[in-house]
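Colleague: Sharing a sequence plus its predicted fold:
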Amino acid sequence: MDWLGPEEWQAVALSLKVALWATLAGLPLGLFTAYALARWEFPGKQLVNGLVHLPLILPPVVTGYLLLMTFGTRAPVGAFLQDIGITFAFRWTGAALAAGVMAFPLMVRAMRLSIEAVDIKLEQAAATLGASRLWVFLTVTLPLILPGIIAGGILAFAKAMGEFGATITFVSNIPGQTQTLPSAIYAFLQVPGGESAAMKLVLISVAVAMTALLLSEIFARRLTKRMEGR
Amino acid sequence: MDWLGPEEWQAVALSLKVALWATLAGLPLGLFTAYALARWEFPGKQLVNGLVHLPLILPPVVTGYLLLMTFGTRAPVGAFLQDIGITFAFRWTGAALAAGVMAFPLMVRAMRLSIEAVDIKLEQAAATLGASRLWVFLTVTLPLILPGIIAGGILAFAKAMGEFGATITFVSNIPGQTQTLPSAIYAFLQVPGGESAAMKLVLISVAVAMTALLLSEIFARRLTKRMEGR
Amino acid sequence: AAASLKTALDAIAPGFTAQTGHDLRLSLAGSSTLARQIQLGAPADVFISANPGWMDALQNDGLLAPNSRRDLIGNRLVVIAPANRATPLDLMQPDVFADHLESGPLAMALVTAVPAGIYGKEALQTLGHWPHIAASVAQTDNVRAALALVSVGEAPLGIVYASDTIADPDVAVVADIPPETHAPIIYPAAAIAGGNEQAAADLLSYLQAPDAQAIFAAQGFLPLGN
Amino acid sequence: MLSVDLHHPMQGFDLDVTFDAPPGLTVLFGRSGSGKTTVINAVAGLLRAKQAQIIVNGQTLSDTETGLWLPPHKRRLGYVFQEGRLFPHLTVKQNLRFGQWFAPKDAPREDMARVVEMLGIGPLLHRRPASLSGGEKQRAAIGRALLASPRLILADEPLAALDEARKAEILPYFERLRDETDIPILYVSHSPAEVARLATTLIALDGGRVARQGPAVQVLGDPMFTPDGVRSVGAVIEAQVARHHDDGLSELSAGDDRLFLPNVGLASGTPLRVRIAAQDVMLSLEKPSGISALNVLAGRIDQVRSGEGPGAIVSLDTSAGRVLARVTRRSVDAMGLQPGLTVYAVVKTVSIAPQDVGG
Amino acid sequence: MLSVDLHHPMQGFDLDVTFDAPPGLTVLFGRSGSGKTTVINAVAGLLRAKQAQIIVNGQTLSDTETGLWLPPHKRRLGYVFQEGRLFPHLTVKQNLRFGQWFAPKDAPREDMARVVEMLGIGPLLHRRPASLSGGEKQRAAIGRALLASPRLILADEPLAALDEARKAEILPYFERLRDETDIPILYVSHSPAEVARLATTLIALDGGRVARQGPAVQVLGDPMFTPDGVRSVGAVIEAQVARHHDDGLSELSAGDDRLFLPNVGLASGTPLRVRIAAQDVMLSLEKPSGISALNVLAGRIDQVRSGEGPGAIVSLDTSAGRVLARVTRRSVDAMGLQPGLTVYAVVKTVSIAPQDVGG
Ligand SMILES: Nc1ncnc2c1ncn2[C@@H]1O[C@H](COP(=O)(O)OP(=O)(O)OP(=O)(O)O)[C@@H](O)[C@H]1O
Ligand SMILES: Nc1ncnc2c1ncn2[C@@H]1O[C@H](COP(=O)(O)OP(=O)(O)OP(=O)(O)O)[C@@H](O)[C@H]1O
Ligand SMILES: [Mg+2]
Ligand SMILES: [Mg+2]
């Protein structure tokens, strides 16, 4: 297809990869955080809660900057991670990290709401039947909050697809490596006459996200149907 | 307090105003949309759902640009609204609109999850007792989803406090009129050595949002307590 | 490199690769973003900034390869208006802006932060207009957004780089801002210390060579040559 | 007046129910899963049956032929759900008041204090449902339905979760509703005692169909009707309070016969129905003497029907009306019981259970 | 063996319950809100009582003194909740299997097919709980608890939502559990018939305290025990199946007396308990003849106790054991009933209700 240049295709592929990873890798941590916030009482809970919401409050540039100062090659954490073979700076992994961080609050909020809506009495029933906490979570809580996980996941995916500010600040905008769709769109918008190319990319981005959204809706609806009827 | 200049204070006040309005004005529409998506079947439902998520997917600049083309004084909708006395372009109202639009998907998702968690059997019970649909909503559904509304509201508020890209594109940055905290922060970050001034504003922004977050947590917890015990 | 150089650099890249055998990998973002990344260890070889201030900052931090900094190209500021409402302005008239700004603001990049805004403000101050119109300046996060405001007709006037106005049929230049009213608009370039200094040197000289400069000129920039 | 005609196929279960019930209390009776709740939900408008015609006191609530369908909130219902369904965010008191907020201002109102007193939920008024016990929840749910000024009461096993003493307190209330108002009541119950005491009309459901329907007196008095085995068969006698004795007994007159019951607490002259379960009646060939049973009715045997088991139902005509006795086939043979024979029906005073006396 | 000692203050309700129960089935009896569910929840570990010591078959589940507290999932319970609590995302079959996933592999297993058959939920196995009727849900919940290989069964009104016929099918199962396994069962019920039939031990609760406790035979046979009015008072007689007659009756021997019952379906020689409710017994001064009642027991009056109402409880010693009769004070006077007198207790065959015969 010569509608898009190879560089743009690269951006599409990269964006997909970044958003998928940001979502998938974020899910377990998000779920854990959401569960802890919904069900446990621990000192510093409000601090954790605040921290989770931080990327939402801060201008993305600031988040990106903070990421750069934490996970950059010169930063202690970044240097340590690099020693054990994980590099974020100026890699697609960094783009995924930035997108994941930005999407995290959305994911956690959705999951937390779902967890809070689960009837504790059902979890108790499972416990009386011999299920330990972990098993209760796996066999009762988790299936019941699946709609919330889907909602959180799709929000995170959409957000990750659209994330720009933190990403470009953290990992810059290197075609084929860190140039996601939004970065590519930005680059096109910075030069005279780039609008139509940008618009194409916007359309692709929208199409991808809408497809994901639609799939999630269908899946969630099937889940609910199953629980309501037979 | 001479820690901040008057222009910065203006930005703080304006940001608060913008975020509050974006949240409050968004709530009814968000609630309606969430309810429709959760409970009704109508043609074009998936389209509406997609539209709601759009601001999340699009790079903020694009959203801002689309707003400009819709609500600008030269645009048909904007022109019409201006005729009836509502102007968005280059006003704080426009900043609120941009922030509201960007925060909308977050708000709707949280509310929708809550609505879907409400047991329809309780709504049926209310109907048998004579409550019309509207009354069922007001007396049963609404109180039951209050935690979700709070969650959605606080997400929206936080997002609105941090929104930058769409806002500056739509209403630009006119000190005292449309210069919100994120815009001010951005401006500081553009010049070498502006970091410390930016950091001050970031701290203020974080403090405000955290306070709101904490209040919402306390309120939500009180709500749940009430429902669980006496 | 500054994102505004995208088109030009995209056009230059194939020639450069053909001539020197080096691959040219661009990272396009705001000058401030890139400068900070370099400060924090970005693996860059060459930095082309739209803002001499950030190049100064890197130089002070000792991050530039010694003696590699040079002024690559220049630019001009122009006053623009929507194409369908364009009437030439005489900038020497004291109330020339006031007349036109009744229906909307003057669109500029951030006047304290973004180079085009800083230069523009300086020019307006020199011309004596600034005190009258300061309150009706709509500042955007970059020049392109200022252009867009004029392009869609929201702002009746805007101040942007001449290089921005090409390829947008919806805006028309209504006045040139005299270069002497503000500090010279310069896009400096330099090699980064610790990078591939040979390739950096090759690129910097290629960019200053006539071929490249011609491409820049075609995009509306002012060639500075050697 | 309640007229119901429903056809509704579900996956693996087809509902196909038609019945007409005169004013009073109509009991839906039937095994678990026979469709009782489904019928009630259709009457309430919570289930939109494929084909339905539902008329209550002359008002059509639903008619698929004409396309008429009144939404639930316009039906003025008092529905006691099988599973409580209290509003968790409201206190018990607010739950009780809920229906009143929406009732027309001029609708006849139950007295809240009286209902609260009857249900024994006074101390709970300011609690929220989550902390109530199972029975407390159910009582609050009953109160909520009764206080909604309903024009039709639907009660799905309202008393199942309650202890006998509490049932005994609430049953008379339903009796009063049945007798003193013209609010039709559709009532699901599994308890033969409750059915016998409350039902004006009995609809027995089986697998989504009406197995048997008719006036309760008739259906319950039919030896062939064995919804729960023979234990619920019994005759209902129309009597009148004659007088009260010092030793705590009330004397009733029924035809030429008199019956002694523990004090019924009703003024002399009050008519009432007494149910005598067939299995509580013993037959004797001679008029017994020196026995503790106070009620002995002479009667001519009308019919002797043997079932498949060891038992038989003997129906006899007494001056008080028809009385049924359940005896063993062995006794039928030993005593030579056959139509035309005059025997004495012996009923222990106290075996006329309080639930079986209805005003 | 079940030993429970609980103290737990709640807002407006203090639980203060101590009891020891021998092996078998222990019934918690008491009015709505008397604390039955709270006790069960404490035993299950769902409520952490302020002060508690709970020992089951020698294993301490909870002891606040030593700080020991076994979490619910380690207690190996089969808890039938008052409100079902089926898992909505699982099919009935998956719900039934749930407990088996976590039971030790070597635990004795109930046969799924047998339980499903008994509960009549075969056709529902692939449905999800949302579409089940109230009784169907409850049956699935019973099955889930029974199939969990429990070492302690907790059942909170498990049969309340079921019809009599279904109850009659499930009750024998609990009897078998009681008699053939050493799994202690803690059972809440409001039904006197159920209590009489199932209970080894009876704990009567009132306002969070134990009002009365002891072996069921003893508590139920005590004329002063009136949990639900006098209607539940009755004597329990130890008998043995003697033989079966062609006309569908079983003959039992108890002491020198014989009793006739509808076929009990047990082999000759099987010992069994027969409960005779006091109100089903009529007294006669002479040995009656020509009557339909087949069971007549001669006995000496041991005691005559009058209550406040019109009735009195007469206890007499027969060769079969103690029998209680509830008669009117009027009859006591008329017949001159007093300790020492020999009278005949007349019990109609069929009034020995099936629920009151237990193996
Ligand atoms: N959290 C609580 N706060 C205050 N009172 C409570 C709380 N939980 C339960 N109660 C009260 O404790 C009492 C006992 O409740 P419980 O559920 O044990 O009753 P129950 O004997 O099971 O009654 P039922 O037969 O109605 O189910 C009730 O009066 C109830 O209102
Ligand atoms: N959505 C459905 N799909 C298939 N079958 C259903 C559905 N809803 C109910 N049923 C079946 O319809 C039958 C009647 O249900 P209903 O709730 O009316 O029973 P019920 O007479 O009230 O029983 P119970 O006494 O147990 O409450 C049940 O067998 C039930 O499983
Ligand atoms: Mg039902
Ligand atoms: Mg209970």
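Modeller: Noted; the coordinates are in hand. Predicted model, so just to flag it, every value in this text is computed and none were measured. Residues are numbered from 1 along each chain as shown, chains lettered A, B, ... in the order given. Ligands and ions are numbered 1, 2, ... in the order given.

Colleague: who are the neighbours in contact with C:Phe16?
Modeller: C:His22, C:Leu24, C:Asp202, C:Leu203, C:Tyr206, C:Ala212 (Cβ atoms under 8 Å, 6 or more residues apart in numbering or on different chains). Bear in mind the C-beta positions are built from the backbone N, C-alpha and C, glycine included.

Colleague: so how far is E:Ala165 from D:Leu198?
Modeller: 20 Å (Cβ to Cβ, to the nearest Å).

Colleague: Spell out which helix or strand contains D:Val39, please.
Modeller: Applying DSSP states H and E as the criterion places D:Val39 in helix D:36-44.

Colleague: ditto for C:Ala11
Modeller: Per DSSP H and E: helix C:6-20 holds C:Ala11.

Colleague: Identify each buried residue in that helix, please.
Modeller: Across helix C:6-20, burial judged by 16 or more other Cβ atoms under 10 Å in any protein chain shown covers C:Lys6, C:Thr7, C:Ala8, C:Leu9, C:Asp10, C:Ile12, C:Ala13, C:Phe16.

Colleague: Can you tell me how far the residue lying closest to the fifth one once chain neighbours are set aside is from ligand 1?
Modeller: Read it as C:Asp10. Once flanking residues are discounted, C:Asp10 sits nearest to C:Leu26: 7.6 Å by Cβ to Cβ, 6 or more residues apart in numbering or on different chains. Going from C:Leu26 to ligand 1 by Cβ to the nearest ligand atom, to the nearest Å gives 66 Å.

Colleague: all helices of the chain, in order?
Modeller: Reading this off chain A. A:6-39, A:45-57, A:60-71, A:76-83, A:92-117, A:120-128, A:133-136, A:142-162, A:165-171, A:181-189, A:195-228 (DSSP state H).

Colleague: Actually, chain C is the one I wanted.
Modeller: Counting by DSSP H, the helices of chain C are C:6-20, C:31-39, C:52-60, C:96-100, C:115-127, C:130-133, C:143-151, C:162-165, C:197-208, C:210-218.

Colleague: quick one, which of those helices is packed in tightest?
Modeller: Neighbour counts (mean count of other Cβ atoms under 10 Å in any protein chain shown) averaged over each of these peak at helix C:143-151, with a mean of 28.

Colleague: picking that back up, report the inter-axis angle for the helix holding C:Ala11 versus helix C:210-218.
Modeller: 170 degrees (axes from the mean of the first three to the mean of the last three Cα atoms, to 10 degrees).

Colleague: for helix C:6-20, the distance to its chain's centre please.
Modeller: 19 Å (Cα atoms, centre = their mean, to the nearest Å).

Colleague: between it and helix A:6-39, what angle do the directions make?
Modeller: Using the same axes, to 10 degrees, helix C:6-20 lies at 120 degrees relative to helix A:6-39.

Colleague: The least confident helix or strand in chain C by mean pLDDT packs against which elements?
Modeller: Every helix and strand of chain C was ranked by mean pLDDT, DSSP states H and E. The lowest is helix C:96-100, at a mean of 75. For helix C:96-100, the packing partners by 3 or more Cβ pairs under 8 Å, 6 or more residues apart in numbering or on different chains; DSSP states H and E come out as helix C:130-133.

Colleague: hmm, the helix it packs on in reach of chain B?
Modeller: No - using Cβ under 8 Å from any Cβ of the partner chain, helix C:130-133 stays clear of chain B, with a minimum separation of 11.8 Å.

Colleague: which other helices and strands contact that helix?
Modeller: helix C:96-100, helix C:115-127.

Colleague: returning to what we had before: let me have the helices of chain C in CSV, extended by distance to A:Ile86.
Modeller: Below are the helices of chain C laid out as CSV (distance: least, Cβ to Cβ, whole Å):
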stretch, distance to A:Ile86
helix C:6-20, 31
helix C:31-39, 19
helix C:52-60, 28
helix C:96-100, 55
helix C:115-127, 37
helix C:130-133, 51
helix C:143-151, 36
helix C:162-165, 41
helix C:197-208, 28
helix C:210-218, 39
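
Colleague: Out of the ones you listed, which gets nearest to D:Glu180?
Modeller: helix C:143-151 (78.3 Å; Cβ to Cβ).

Colleague: The closest one near chain B anywhere?
Modeller: Yes - applying Cβ under 8 Å from any Cβ, one finds helix C:143-151 touching chain B at C:Ala145, C:Ala146, C:Ala148, C:Leu149.

Colleague: follow-up on the earlier one: the residue nearest to C:Asp10 and C:Leu9 touch, don't they?
Modeller: Yes - counting by Cβ atoms under 8 Å, C:Leu26 touches C:Leu9, with 5.7 Å between them.

Colleague: For the stretch 201-350 of chain D, which segments are assigned as strands?
Modeller: In the stretch 201-350 of chain D, the strands defined using DSSP state E, counting those that start in this stretch lie at D:201-206, D:209-215, D:227-230, D:234-244, D:249-254, D:257-262, D:271-277, D:281-284, D:295-306, D:311-318, D:321-328, D:342-347.

Colleague: which stretch in the ones you listed has the least confidence?
Modeller: For the strands of the stretch 201-350 of chain D, the weakest mean pLDDT is recorded on strand D:227-230, namely a mean of 44.
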